[in-house]
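J.: Predicted model follows, preceded by the sequence.
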Amino acid sequence: MNFKKLIITFSGLMLTAQSSIAVPYRQETAMLYNQCEKQREILDKTVCMHILRGYLEGEYVYFIADWTDLKSREFSQYSEEALRKIHRQERQLVQIYISMLPAK
């Protein structure tokens, strides 16, 4: 079986989602989406949503060390306004993907 696993860490919290099929279920993904939206800092929200989008697109799997690296390397260069725009775009894509996922 092809196992797909997503681990997102921030502020001491770790999210783990695992699915034995290539496409996760809507409920599992909605829980991850909600955790991303609960982040206080726009940088954390943006990185979390970016990772979740990548997970849904099947591009990559992020593990614990990658969260900090992605945050500092790719997203820290943006202003708060730019981060809000990126977050909004990522969130819209994730919402579309979630709506297309199977319920169970």
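T.: Thanks, I have it.

J.: Regarding the protein, what is its longest helix?
T.: helix 80-100 (DSSP state H).

J.: With A103 as the reference, measure out to the residue nearest to L101 when sequence neighbours are not counted.
T.: Leaving aside its chain neighbours, L101 sits nearest to R26 (4.1 Å; criterion: CB to CB, 6 or more residues apart in numbering). C-beta here means a position set from N, CA and C on the backbone, and glycine is covered the same way. According to CB to CB, to the nearest Å, R26 and A103 sit 5 Å apart.

J.: Show me what the longest helix of the chain packs onto, helices and strands only.
T.: helix 26-37, helix 42-57 (3 or more CB pairs under 8 Å, 6 or more residues apart in numbering; DSSP states H and E).

J.: Now do it against helix 26-37, angle only.
T.: 170 degrees (axes from the mean of the first three to the mean of the last three CA atoms, to 10 degrees).

J.: quick one on the thing from earlier: looking at R26 and A103, which one has more neighbours?
T.: R26 (17 against 6; other CB atoms under 10 Å).

J.: wait, that one sits on Y97?
T.: No: using CB atoms under 8 Å, R26 is not in contact with Y97, being 9.6 Å away.

J.: ok so, going back, tabulate the helices and strands packed on helix 80-100 in JSON lines, adding columns for distance to H87 and mean pLDDT.
T.: Formatted as JSON lines, the helices and strands packed on helix 80-100 follow (distance: least, CB to CB, whole Å; pLDDT from 0 to 100):
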{"stretch": "helix 26-37", "distance to H87": "9", "mean pLDDT": "91"}
{"stretch": "helix 42-57", "distance to H87": "4", "mean pLDDT": "86"}
